[in-house]
Structures are given as structure tokens and as C-alpha cells.
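[1] Make a model of this:
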Amino acid sequence: MRLSILIYIAVMALTTYLVRMIPVTAFRKKITSRFARSFFYYIPYAVLAAMTFPAIFYSTGSLLSAAVGLAVAMVLAWKSCSLIVVSLAASLAAFLVSLLPF
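    Numbering: from 1, shown residues only. Below is the predicted model of the structure:
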């Protein structure tokens, strides 16, 4: 069993290394295409949203409480509140809605 865990770790280390090194070796010159530059600029935001939004809606037992928490978070983020305030207020709102008897 120990050997299989070591193999898993080695495969994941290789995968992580390749994902980080292939772009460095493939793009040696500065990227001049406006489309490619804007594409690479927005990729982190798109990936973060794709990972976060499904987790928001499935994190509570109720779709309503998750939607209320998301709404509170978006309003507070729009008003430029700090991350800790946004996350605590959204969590509190989702918790309070989940306590309601419907």
C-alpha cells in the first residue's frame, strides 16, 4: 500500500510540474495578440467562478438559503466591503434563512 501512495504522489507531482512548465517553455516571446492577452487575463476569473458558484448553491441544504447568502455577498462586495465582512455576513444570512420554518 505504501508503494501505491508513493506512485500517486509522484504522478501528481509530475502533472503539477508539467502544467506549470509547458506554458513557460511554449511561450518564450511576449504575446502580442490582443485576443490572446485578454483571454489569458480573464481565465483565472472564469475558472474561479466556475468552481465557486456550484459550490455556493450546493453548500446548504436549501436552495433558498444559498441564494440569500449569495445575494448578501454580492451586495456587500458591490459596496466594497472587506472579504471577511462579506463572507461572515453571507454565512450568517444563509444560516438565519435556514432556521426559518418552510
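[2] by contact count, what packs against the helix or strand of the chain with the lowest mean pLDDT?
    Of all helical and strand segments in the chain, the minimum by mean pLDDT, DSSP states H and E falls on helix 34-58, at a mean of 89. Counting contacts by 3 or more CB pairs under 8 Å, 6 or more residues apart in numbering; DSSP states H and E, helix 34-58 packs against helix 63-78. Quick note: C-beta positions are derived from backbone N, CA and C, even for glycine.
[3] Can you get me a residue count around Ile31?
    11 (other CB atoms under 10 Å).
[4] Hmm, Ser38 and it touching each other?
    No. Contact criterion CB atoms under 8 Å: Ile31 and Ser38 do not qualify, at 10.4 Å.
[5] Roughly how far does the closest residue to Ile31 other than its chain neighbours sit from Ala46?
    Leaving aside its chain neighbours, Ile31 sits nearest to Arg37 (5.6 Å; criterion: CB to CB, 6 or more residues apart in numbering). Distance, Arg37 to Ala46, using CB to CB, to the nearest Å: 15 Å.
[6] All set now, cheers.
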